[in-house]
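# next come a sequence and a model predicted from it.
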Amino acid sequence: MLATRNRMRTAAAFSHTVRSGVRNGRRNLVLYMVSTLPDEPSQVGFIVSKTVGNAVTRNLVKRRLREIAVESVRTHPYGVNVVVRALPVSAGASWGELVNDYQRAFSKVASRLSGLPAEQQSSWMPPPLQ
């Protein structure tokens, strides 16, 4: 389960991450990441709109993505904020497809984030998931 301190809750945090973060899109999701201070806990937020399906389907997708994100928070507990936007096809995706898309997007975004100029990044960058 995702700890309370690792849940993104404010609209300002969501909008900052989506607007100024690095993005990578996959078949089932789009992942946005922005670096924060090295001593701030990593936070993860989810955007699952009505285009994904009814309430039951949206909650299923959100629960799956939240469980996948727990592992990335364990390996990268500080220094990044992540927003995951589920695409409509994610409703029919298998667990393996979601895990694969999340891990590939996370590693791609993390590597791009570490390539930014020094004034645009914090002193700590997360290594990509393996």
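Arrived safely, thanks for sending. Residues are numbered from 1 along each chain as shown.

# stretch 64-83: which residues count as buried?
64, 65, 68, 69, 72, 73, 76, 79, 80, 81, 82, 83 (16 or more other C-beta atoms under 10 Å). Glycine gets a C-beta too; all of them are placed from N, C-alpha and C.

# quick one: least confident of those residues?
Least confident of the buried residues of stretch 64-83 in the model: residue 76, at 85.

# need the helices for the protein, in chain order.
Along the chain, the segments classed as helices by DSSP state H run 11-20, 55-75, 95-113.

# and these, which is most packed in?
helix 95-113 (a mean of 18; mean count of other C-beta atoms under 10 Å).

# what angle do that one and helix 55-75 make?
50 degrees (axes from the mean of the first three to the mean of the last three C-alpha atoms, to 10 degrees).

# and helix 95-113, what other elements does it pack with?
strand 22-25, strand 29-35, helix 55-75, strand 80-86 (3 or more C-beta pairs under 8 Å, 6 or more residues apart in numbering; DSSP states H and E).
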